[in-house]
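> need a structure here:
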Amino acid sequence: MPNIHQHFWPLSLLTCCVLASVLGATKDQEESLFKTSGCIACHRMTQPMIGPLAISGPSMLAISEKYADTPNGLSIIIKSLKEGASGKWGKNIMPPQAQVKPADWERLAKWTLKLKDSPNLSKWQEKDLSFKTSISGKAKLSTATTTFPLIEERNGTIVRALDRPIVYRTYLPGASSRAIAVGLPGDISYAFDAKLCKLLYFWKGGFLDFEKSWTGHGGWYSKLMGTKIFEAPASFPLRIGSNQNPEVKFIGYRTDGKLPSFIYEINGISVEETIGFDSDTRAIVLSFDISDVEEPIYFYPGKSSSIWSSDEAEERDGIWAIKADNLKSFSFRAQVKQ
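Predicted structure coming up:
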């Protein structure tokens, strides 16, 4: 079963996976936590992260050396994880790491402070120096022996998807601080809000310009490249067992190289939602897989200029009731007019 990503990374999925492989496997739980918490998107172990492939960030070794002998070094790092920080390393901005559990803040901070005396420094340095990036219109990640497939195009801070979806954790207009941006082939993109556990909107014409979020100039929001073609209902669309707004909890997401799927809970019931776009019919497709459910399920599209349809549900007065035989797997399509 593919891994479920429980964290938000400012880089594309492929980029972060490459960085993780460069750092190498470890039996150290804190080092493993560092890798899986998204820290590797902006930090390498012994070398600073520079260039347009990532938000520039100091090395973990440099952070360790700066704060290890500082009386309040532990609290400084914990506060940066919790609240974000700026001005500590030039103009770089570190957003709050909401994806890191509060129980892990101190673990990561203590591990960071001990890094400068770690016996693994030479190993980390060798692997960091073998990591190279080259930019010439399109981005390419490579090590000394491996070239990875090209899935995105970069022109400065402007990014667009090529032949596979790309997923970025970033700040987006009209979203909470837990927004996830997905770029699809064909210059179709959408925003998913992990705090609300729902699709927000689709846009067409490109993906994102990360200038403001990467440099901190003029705010942290990334700019949508194109125009919105769809806005989802303001309220949460699914109801299980009743018409009351449910309690939702985001678990994570998974990807198999095709479309990412978002996993969350509705009143404790696990839901996996996959969001796509049918370019032939110009329709947004929401697919749901729900386990262990016997109660009625309803879909509320709200007021929308889009025309909704489903083969697994019946509509009455603007509310869709999922057929009894399809409670565990069903989909909806929203026709886009533009």
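> Who does V167 form a beta bridge with?
V182 (DSSP bridges).
> gap between stretch 291-299 and the chain center?
Mean C-alpha position of stretch 291-299 versus that of the full chain (Cα atoms, centre = their mean, to the nearest Å) differs by 27 Å.
> so where's the stretch 101-250 of the chain shaky on pLDDT?
125-152, 213-219 (pLDDT under 70).
> Let me see the ranges of the helices in it.
With helices called from DSSP state H, counting those that start in this stretch, the stretch 101-250 of the chain shows them at 102-114, 121-129, 211-215.
> Comparing the ones you listed, which stretch has the densest surroundings?
Most buried of the helices of the stretch 101-250 of the chain, by mean neighbour count (mean count of other Cβ atoms under 10 Å): helix 211-215, with a mean of 18. To be clear about C-beta, it is placed using only N, CA and C from the backbone, and glycine gets the same treatment.
> can you pull the buried residues of stretch 196-209?
196-204, 206-209 (16 or more other Cβ atoms under 10 Å).
> Quick check: end-to-end length of it?
24 Å (Cα to Cα, to the nearest Å).
> now stretch 286-300
13 Å.
> can you check stretch 176-196 too?
8 Å.
> Show me the domain layout of the protein.
As given by automatic domain parsing, the domain ranges for the chain are 13-131, 155-335.
> for the chain, longest strand please?
strand 269-278 (DSSP state E).
> got the buried residues for the helix or strand following that strand?
Downstream of strand 269-278, the next assigned helix or strand under DSSP states H and E is strand 283-290. Using 16+ other Cβ under 10 Å as the test for burial, strand 283-290 gives 283-284, 286-288, 290.
> Which single one of these is nearest to G318?
L286 (16.6 Å; Cβ to Cβ).
> Let me see the contact set for the residue nearest to that closest one when sequence neighbours are not counted.
Nearest residue to L286, sequence neighbours excluded (Cβ to Cβ, 6 or more residues apart in numbering): F332, at 4.8 Å. Each residue near F332 by Cβ atoms under 8 Å, 6 or more residues apart in numbering is listed here: 285-286, 299, 301, 308-310, 313, 320.
> and the gap between F332 and L238?
Going from F332 to L238 by Cβ to Cβ, to the nearest Å gives 10 Å.
> can you list residues touching both of the two?
F299.
> just the strands in the stretch 201-338 of the chain please.
208-209, 223-224, 227-231, 238-240, 248-254, 261-266, 269-278, 283-290, 297-299, 307-309, 313-316, 319-322, 329-335 (DSSP state E, counting those that start in this stretch).
> want to throw these into CSV with distance to S86?
Below are the strands of the stretch 201-338 of the chain laid out as CSV (distance: least, Cβ to Cβ, whole Å):
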stretch, distance to S86
strand 208-209, 21
strand 223-224, 20
strand 227-231, 30
strand 238-240, 38
strand 248-254, 26
strand 261-266, 30
strand 269-278, 33
strand 283-290, 37
strand 297-299, 42
strand 307-309, 43
strand 313-316, 48
strand 319-322, 46
strand 329-335, 39
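> now for those strands, which one comes closest to I77?
I77 lies closest, by Cβ to Cβ, to one member of these: strand 248-254, at 24.7 Å.
> Give me the angle between the closest one and strand 269-278.
Interaxial angle of strand 248-254 relative to strand 269-278 (axes from the mean of the first three to the mean of the last three Cα atoms, to 10 degrees): 60 degrees.
> re the thing from before, can you add distance to E30 and give the buried residues of stretch 196-209 back as JSON lines?
Output for the buried residues of stretch 196-209, formatted as JSON lines (distance: Cβ to Cβ, whole Å):
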{"residue": "L196", "distance to E30": "31"}
{"residue": "C197", "distance to E30": "29"}
{"residue": "K198", "distance to E30": "34"}
{"residue": "L199", "distance to E30": "35"}
{"residue": "L200", "distance to E30": "35"}
{"residue": "Y201", "distance to E30": "38"}
{"residue": "F202", "distance to E30": "39"}
{"residue": "W203", "distance to E30": "39"}
{"residue": "K204", "distance to E30": "43"}
{"residue": "G206", "distance to E30": "39"}
{"residue": "F207", "distance to E30": "34"}
{"residue": "L208", "distance to E30": "32"}
{"residue": "D209", "distance to E30": "35"}
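> burial count for the residue nearest to K116 when sequence neighbours are not counted?
Spatial nearest neighbour of K116, excluding adjacent residues (Cβ to Cβ, 6+ apart): S64 at 4.3 Å. The tally of other residues near S64 (other Cβ atoms under 10 Å) stands at 23.
> Could you report the distance from S64 to S32?
From S64 to S32 the distance is 18 Å (Cβ to Cβ).
> Excluding chain neighbours, give the residue nearest to F277 in space.
Nearest to F277 is I188, by Cβ to Cβ, 6+ apart, at 4.8 Å.
> Looking at the helices of the stretch 101-250 of the chain, which is nearest to I266?
Of all the helices of the stretch 101-250 of the chain, helix 102-114 comes closest under Cβ to Cβ, at 24.0 Å.
> which helices and strands does the closest one pack with?
The contact analysis (3 or more Cβ pairs under 8 Å, 6 or more residues apart in numbering; DSSP states H and E) places helix 102-114 against helix 29-36, helix 60-67, helix 73-83.
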